[in-house]
Structure formats: structure tokens, C-alpha cells
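*Asks:* Provided below are the primary sequence and the corresponding predicted coordinates.
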Amino acid sequence: MAQLLQHLVEAPNTCSYLARETASLEHRVMIEVTPDELEELLIRGWRRFGPDYFRPACGACQQCISTRIVVADFAPTRSQRRARKNLGDIRVMLGPPAIDDERLELYHAWHSDREEARAWAPGALDRRHYFLQLGFPHPAAREIAYYDDAAGGRLIGVALCDETKHAWSAIYFFFDPAYARLSLGVANIVLQVEIARSRGIPHVYLGYNVTACPSLRYKGAFHPQQMLVGRPDPGEEPRWVPVDLRTTERD
């Protein structure tokens, strides 16, 4: 059963997704969270980095919308099928999260590329913080590692995920910028849907879609999707609606 260590709501600060907006997150720092408890959080719009469970608590802005792919009905587009085919010569390993120098170097190469290309703030993730954010032990935690054996078994991508009985959560993905031509980010999502389908998991959770943020816009390309209405509390029944239905309601 989950043990709550800390509960707080951040003071409003500059949004990392939308520069003209202010943002605030609600945090619950918890340990011993079971997969069933994690699933109940996911369906209510919470995300996880290590022991930190969080979701938006912004006031006026409601542009961070929880989204999930409907696995049974997912049909990749032509470009998504092409990206998935690009993994043909790439070795894929699914297992528990690992922490080593190779992963840290890959993360920093990827983040540095994003800093230059998209004006991201510098990211200084050392081994300790990697452990706390991406490698913290959890029974639901999974890692998908991508290796190029033609380049001597070079690690070229790492995806951190969570798996529960009814939910597969895509948490974070980073890759070698030298392999950008393979569209690894797209292929990684398609692969995770395939894994979920093979295990009878009905939904792949993509976190928050912010259509006005270039770094997150890719999430809207995977169909069909459902979006969470509001921020339901514990005990409140969450309502997920098809993307088109939500658009109609909002208009």
C-alpha cells in the first residue's frame, strides 16, 4: 500500500511548455505504490518520475490534457509503419530499468541536441538524479533499450515505461541524435502499442498533449485516442472521451 511522504502544490511559475503561460504542478511523493494503485492514478491524469507522482494544478490554463491510445483500434499511418520498419535491424530489449555510464552519455547527447535545436534549458542529470527520476525501483517499471549491433552493439535509444494490468504508460524516451533519420520516437510509440496489445492491455498512456508545444505535438498523431475530462479526484469516476468528441464538446 502506498505511503505518502509529501504532498504539495507548486507556486505558479513560468511554464516549460508554453512560455507565455504560468504553470503549477501538484506533487505526491510516495513509496510502496502498488501497480493497482499506480493504475488508479494514471486513469486520473497522474504521471510518475521515480517516487514523484504529479499532475497539472494550473489555474486559468487547461492546455495540458491527459491522453491515451486505444490499443485494440490503433492502426498506424503509412509514416508510422515506415518508422516501425526502420527497427528491422535494431535489437530491442525489454527489461527493468538500468543505470550506467552508457545511458547517462546517451541522455546527455540527446538533451544537448534538444537544447540546440529547440532552445531547451540545459539538463544536468547525474547518476543520482537519473536513479531518482528514471531508475527508481517499482514493480511496474520497464525499460525498452534499442541497440545497433551493426555498430558493435551501440545503445541508441532508451524508453522508460510502466506496466499495469490495464495500462501501459510511456514515461520518457531519449535516443542518439545520429539516428534521427530512423524516426525512433515514432517507432518507439508504435512498438509500445504492439507490446500492450500482445499483453491484453487496453490503453497506452502518453501523458500530456499540449498542441501548442512543438515538443509534444507528435502525440496527437496516434489514433484513435481518448482524452481525460478535467482532473478527477480519488473516488470520482474518470471520464475519457474520444478526441473528436471532446473537441465538439469544447466548441
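*Replies:* Structure's in. What do you need?

*Asks:* pretty sure G88 sits in a helix.
*Replies:* Yes: using DSSP: H, G, I helix; E, B strand; the rest coil, the secondary structure at G88 is a helix.

*Asks:* just for the stretch 1-150 of the chain, where's the confidence low?
*Replies:* Across the stretch 1-150 of the chain, residues meeting the criterion (pLDDT under 70) sit at 117-120.

*Asks:* ok, now with 50
*Replies:* The model of the stretch 1-150 of the chain has no residue with pLDDT under 50.

*Asks:* show me the strands in it, by range?
*Replies:* 3-9, 13-14, 22-23, 25-31, 47-49, 52-56, 65-70, 91-95, 141-148 (DSSP state E, counting those that start in this stretch).

*Asks:* winner for burial among those?
*Replies:* Burial of the strands of the stretch 1-150 of the chain is given as mean neighbour count (mean count of other Cβ atoms under 10 Å); strand 65-70 ranks first at a mean of 22. All C-beta atoms are positioned from the backbone trio N, CA, C, and that covers glycine.

*Asks:* okay, now the spatially closest residue to V186 that is not a sequence neighbour: neighbour count?
*Replies:* Distances taken as Cβ to Cβ, 6 or more residues apart in numbering place A83 nearest to V186, at 4.0 Å, with adjacent residues excluded. By other Cβ atoms under 10 Å, the residues close to A83 number 21.

*Asks:* please shift the residue numbers so they start at 620 in all later answers.
*Replies:* Got it, the first residue is 620 from now on, which makes the last one we talked about A702.

*Asks:* and the gap between A702 and I709?
*Replies:* A702 sits 11 Å away from I709 when distances are taken as Cβ to Cβ, to the nearest Å.

*Asks:* quick one: contacts for K704?
*Replies:* Contacts for K704 (Cβ atoms under 8 Å, 6 or more residues apart in numbering) come out as none.

*Asks:* and it, how far from R697?
*Replies:* K704 is 11 Å from R697, by Cβ to Cβ.

*Asks:* now swap in T686 and tell me
*Replies:* Counting by Cβ to Cβ, the gap from T686 to R697 is 22 Å.

*Asks:* shared neighbours, A702 and I709?
*Replies:* Residues touching both A702 and I709 by Cβ under 8 Å, 6+ apart: L801.

*Asks:* which parts of this structure are helices?
*Replies:* 654-661, 697-704, 720-737, 746-753, 803-817, 862-869 (DSSP state H).

*Asks:* could I get those as TSV with distance to R647?
*Replies:* Shown next, in TSV, are these (distance: least, Cβ to Cβ, whole Å):
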stretch	distance to R647
helix 654-661	8
helix 697-704	34
helix 720-737	25
helix 746-753	15
helix 803-817	25
helix 862-869	26
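
*Asks:* closest one to Y824 among the ones you listed?
*Replies:* Nearest to Y824, of all the helices of the chain, is helix 654-661, at 5.4 Å by Cβ to Cβ.

*Asks:* what's the distance between the residue nearest to V805 and A728?
*Replies:* For A702, the distance to A728 equals 21 Å [Cβ to Cβ].

*Asks:* likewise for P715?
*Replies:* Taken as Cβ to Cβ, the span from P715 to A728 is 23 Å.

*Asks:* neighbour count: these two, which is higher?
*Replies:* The neighbour comparison of P715 against A728 (other Cβ under 10 Å) goes to A728, with 14 against 11.

*Asks:* which residue is the nearest non-sequential neighbour of F755?
*Replies:* The shortest distance from F755 to any non-neighbouring residue, by Cβ to Cβ, 6+ apart, is to G669 (3.5 Å).
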